[in-house]
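Visitor: Compute the structure for the input listed below.
(one chain, ligands or ions: 2)
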Amino acid sequence: MTQNLPKTHYLTDYQPPAFEVESLFLTFELLPNGTRVTNRMQVHRVKDLSAPLVLDGEGLELIQVDLDGVALMPTQYDVTDTQLILPDVPERFELEIVTEIDPENNTRLEGLYRTSGNYCTQCEAEGFRRITYYFDRPDVLTYFTTKIIADKQDNKVLLSNGNLVEVGDLPNDRHYAIWKDPYKKPCYLFALVAGNLEEVEDTFITRDQRQIDLRIYVEPKNLDKCEHAMESLKRSMKWDEERFGLVYDLDIYMIVAVDDFNMGAMENKGLNVFNSKYVLAKPETATDADYEGIESVIGHEYFHNWTGNRVTCRDWFQLTLKEGLTVFRDQEFTSDMLSPAVKRIEDVKRLRNNQFPEDAGPMSHPIQPQSYIEMNNFYTMTVYEKGAEVVRLYHTLLGEAGFQKGMQLYFDRFDGQAVTVEDFRNAMADANEIDLAQMHNWYTQAGTPTLKVEKHFDAATGTLTLHCEQSLKGQSAHAPLLIPVLFGFLNDDGRALPVRPGENSRNKVFETEKGHLLKLTTLSETFEFTGLSQEPHLSLLRHFSAPVNLEYAASDEELMMLASHDADSFVRWESIQTLALKNIEDNVARFQAGNGMVFSEHYQQAFQAVLEAKGLDPALKALAIGLPDLPYVFEQFETIDVDAVLQAVEYQKAQIAQTFSGALDKAYLAHCSKKAYCYDKHDMAARMLKNQCLAYLAYGAEPVVRAVAQYEQQQNMTDVLAALNALNHLAVSEREACLSDFYERWQQDTLVMDKWFSLQARSESEQALQDVRGLLEHPDFNYRNPNRVRSVLGVFGRLNMKAFHDASGEGYALLAEEVLKMDKINPQVAARLVTAFTSWKRFKGHRQDKMQSALQHIAADKALSKDVYEIVSKSLE
Ligand code: B3K
Ligand code: ZN
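Guide: Ligands and ions are numbered 1, 2, ... in the order given. Next up is the predicted model:
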């Protein structure tokens, strides 16, 4: 572990800033190994009359400090590894600080760094302190002006936030540009980009008739892959005006795509920096999922302009204020652009596969964490995705109109300010004149709640009683959560029955635009419904109306009926998934008892009914016939028996392939098309169903025929990749042949090559472990490129359950070594890789021991970054 234990930061320690920055003028003289940054700021004190001036700074070489135009002697200030301290400053003053940094050797990709010979920045959460000494906290907002000076030859383009106000030439073939941002902002939204990039241009006319210049900057070779991103941007701008009444506020909006980036993208004011994965696409190189991802991330960053930038966070504990809200907004955007039903199911899958395990492990934290060591570790599925689910609760409770009234009040009150999750809740509550205080409990308690529902029907009186109980694992006395449950009653034929709340339930059951809603507010509560001529079947948690685990003992017959007839597509999907899960769980028990496995009759019937249903969206069919993903299957078990689960899932796929080979083949052929690729929900749905069928056929009697043919057609990347995926678990020469053909075709395209790497890293073949070692030695592997590292090591640890959990423990040892290597290069990326180990206590027997040893091995490193240290130490606690 690190020598001095890294510091923990607590929400309860928050203190407002003692100084205000009136304006900031930054000058960058760009050089790859010695960039000089001159930071001139006007500051005045707002409180704590005697407090020293403390600025954050890391990895900086301090050249000079001037206070009100007078150079300070080194004795007049203190410099530590993380701070510059001036013990004595006047009430109001100008401070000029000159520092030098080394962008070329910045492999952490935080602060100012170089990627493919271009300069770019990443400041959120605390990267600005790697550029200059400053108040690196989101509640210090100021007006930024940025002057960039660089040689012309290598830096044709000089960009920063706001509007371009001046350009000019300088001696020695250099030039400069000055950018001025008219909006106050915290430093995490600062950005600078320079280099030889080319641009794609377009315009957008706002609803108040202003023309906005839109620019996407890419490396010249990528100019032909920007169209979808540009269209996505225009759709985002239009949608935010129409749905939220929010209009863009600068004259220019720029997006820059870079290959080396720690995450997806960054919403810097007026100058978004993107991982090229979320910008570049053409049908030959990008899949439907890539296209959808691009539209959604472009939307997400654009939507931040209001939810994040105009109204920002008071401190990093409030991160979900901007992220939960903006994810909710991007989910709604995708839902409006494509299919709401499909999008909801995809989001639930994502939450269950990634957030539920996080919330059940040692890194579990509320959507508003109460403490952190390294803030970058808290850009989590919990803060983002569960945070979005919590915002969705407000939406479900208040309806679209009520929610929009709340948003309006939020902007009226807080535009230009740095605020808290309470401020958001109060705006929602005040605008709708309702008490939402109980929502607070969603922000402060970790873990996925369980909602247990029992029904009793009294035929004599026609009364149905629903008994509901909420619990949080391991927390005997948790504060009750406000849980909205959308529901319906069905008769045996799947037709809706009337919902008539009894006397005691009238104020707890509501009619909403999303249907009947039951509002659960206490730990244990009973709801009564009257006037029922027959015992109804329950359709519960329609639309997945709350991020909970529902425990309700539905019979197989009931699930089959819901799978075929429920009015809510989420419940239909969920019902068939539950049948699959029950079958898998049953087979796990059988395997453990040494008995043979069985293929559930009820599951088979439901499967066939869905596959052959007339008029059902092919995308919903594809989702319904797909099996629950492994991480979610794992979550069902207190102790995970990897061998048993993998065998049971393998068995299920093989049975499906055998039993339904005819129907699958028919559906496959029915959804093949010669049409040119189009990003359109109908075409995507057809491809989704076709490729789900293809995936199953590869477990049947003729595993390679269709896949090889589809690969050879080279119609679009969605289909090519689906074909390779289908072949990926097979030890056949066709797999090798297609993979090497793919390599030959795409060797020059970084993003496509990531797919080639990740295919092999997640292969279920016996060879996989060997192959992963080989990939790490491959000449195209590059530890400095996060996408490449994630496509091998991230995929291996997160998605290759078979090889990562190999009984020998070699998978664990391999990843542990790589984490240590990576930590020296890029701690943020290393910290993400190490999360593959965090749930070690859940695994059975020797695997648990071996995962623990791997973690201990990492922990023994004396020079761990605080990023990796935090995750490893919390996991071992
Ligand atoms: N706000 C950035 C994420 C920054 C992550 C810092 N480790 C992207 C986003 O959520 O839009
Ligand atoms: Zn975001």
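Visitor: make it CA atoms for all contacts and neighbour counts henceforth
Guide: OK.
Visitor: Find the nearest non-adjacent residue to Tyr632, please.
Guide: Once flanking residues are discounted, Tyr632 sits nearest to Asn353: 5.1 Å by CA to CA, 6 or more residues apart in numbering.
Visitor: Just give me the neighbour total for the one you found.
Guide: Other residues within reach of Asn353, judged by other CA atoms under 10 Å, total 19.
Visitor: Check the gap between it and Thr521 for me.
Guide: 27 Å (CA to CA, to the nearest Å).
Visitor: Please report phi then psi for the residue of the stretch 301-450 of the chain found nearest ligand 1.
Guide: Minimum separation of the stretch 301-450 of the chain from ligand 1 (CA to the nearest ligand atom) falls at Asn376, amounting to 4.4 Å. The phi/psi pair for Asn376 (degrees, to the nearest 10) reads phi -60, psi -20.
Visitor: Next up, the contacts around the closest residue to it other than its chain neighbours.
Guide: Distances taken as CA to CA, 6+ apart put Ala125 closest to Asn376, at 6.5 Å, once the chain neighbours are dropped. For Ala125, the contacting residues are 188, 316, 375-376, by CA atoms under 8 Å, 6 or more residues apart in numbering.
Visitor: between those, which is closest to Gln368?
Guide: Trp316 (9.1 Å; CA to CA).
Visitor: So the closest one is in contact with Met375, correct?
Guide: Yes. Applying CA atoms under 8 Å as the test, Trp316 and Met375 come out as touching, 7.3 Å apart.
Visitor: If you tally nearby residues, what's the number for the residue in the stretch 201-350 of the chain that ligand 1 sits nearest to?
Guide: With CA to the nearest ligand atom, the shortest gap between the stretch 201-350 of the chain and ligand 1 falls at Met266, namely 4.3 Å. The number of residues packed around Met266, counting by other CA under 10 Å, is 27.
Visitor: Renumber starting at 351 from here on
Guide: Sure thing, new numbering starts at 351, so read that last one as Met616.
Visitor: low pLDDT regions in the stretch 851-1000 of the chain?
Guide: For the stretch 851-1000 of the chain, applying pLDDT under 70 flags no range at all.
Visitor: ok, now which ones touch whichever residue of it sits closest to ligand 1?
Guide: Closest approach between the stretch 851-1000 of the chain and ligand 1, counting by CA to the nearest ligand atom: Pro897, at 20.5 Å. The contact partners of Pro897, by CA under 8 Å, 6+ apart, come to 736, 739-740, 798-799.
Visitor: which among these are in contact with ligand 1?
Guide: Among the contacts of Pro897, no residue sits close to ligand 1 (CA under 6 Å from any ligand atom).
Visitor: can you list those residues in JSON lines and add secondary structure, pLDDT and neighbour count?
Guide: What follows is the contacts of Pro897, written out as JSON lines (DSSP: H, G, I helix; E, B strand; the rest coil; pLDDT from 0 to 100; neighbours: other CA atoms under 10 Å):
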{"residue": "Lys736", "secondary structure": "helix", "pLDDT": "98", "neighbour count": "28"}
{"residue": "Glu739", "secondary structure": "helix", "pLDDT": "99", "neighbour count": "24"}
{"residue": "Val740", "secondary structure": "helix", "pLDDT": "99", "neighbour count": "25"}
{"residue": "Thr798", "secondary structure": "coil", "pLDDT": "97", "neighbour count": "22"}
{"residue": "Pro799", "secondary structure": "strand", "pLDDT": "97", "neighbour count": "19"}
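Visitor: between those, which is nearest Asp993?
Guide: Thr798 (26.1 Å).
Visitor: If we go by neighbour counts, what in stretch 567-583 is buried?
Guide: Going by neighbour count (16 or more other CA atoms under 10 Å), the buried part of stretch 567-583 is 567-569, 572-573, 575-580, 582-583.
Visitor: Who has more neighbours out of Trp666 and Met725?
Guide: Set side by side, Trp666 and Met725 show more neighbours around Trp666, with 23 against 18, by other CA under 10 Å.
Visitor: got the contact list for the more buried one?
Guide: Trp666 touches 475, 488, 725, counting by CA under 8 Å, 6+ apart.
Visitor: distance of the last one from Val647?
Guide: Okay, so that is Met725. From Met725 to Val647 the distance is 22 Å (CA to CA).
Visitor: so where's the protein shaky on pLDDT?
Guide: Looking at the chain by pLDDT under 70, you get 351-353, 826-827.
Visitor: my read: Gly1224 touches Pro712, true?
Guide: Not quite, residue 1224 is Lys, not Gly. Yes. Contact criterion CA under 8 Å: Lys1224 and Pro712 qualify, at 6.2 Å.
Visitor: More neighbours: which of those two?
Guide: More crowded of Lys1224 and Pro712, by other CA under 10 Å: Pro712, with 19 against 13.
Visitor: Excluding covalently adjacent residues, which one is nearest to the more buried one?
Guide: Ser1225 (5.3 Å).
Visitor: Could you count how many residues lie near that neighbour?
Guide: 21.
Visitor: Equivalent analysis for Phe761, please.
Guide: With other CA under 10 Å as criterion, Phe761 counts 18.
Visitor: Number of residues surrounding the residue of the stretch 951-1100 of the chain found nearest ligand 1?
Guide: Distance from ligand 1 to each residue of the stretch 951-1100 of the chain (CA to the nearest ligand atom) is smallest for Thr1100, at 21.9 Å. Thr1100 has 16 neighbours, counted by other CA under 10 Å.
Visitor: now swap in Pro1129 and tell me
Guide: Pro1129: 8 surrounding residues under other CA under 10 Å.
Visitor: those strands in the stretch 351-500 of the chain, which residues are they?
Guide: 359-360, 369-379, 385-395, 403-406, 411-417, 420-421, 428-429, 433-436, 442-451, 461-465, 468-472, 493-501 (DSSP state E, counting those that start in this stretch).
Visitor: Pull up the pairing partners for the third one, direction included.
Guide: So the one you mean is strand 385-395. As defined by DSSP bridges, the strand partners of strand 385-395 come to strand 369-379 (antiparallel), strand 442-451 (antiparallel).
Visitor: To ligand 1, which of these lies closest?
Guide: strand 442-451 (20.4 Å).
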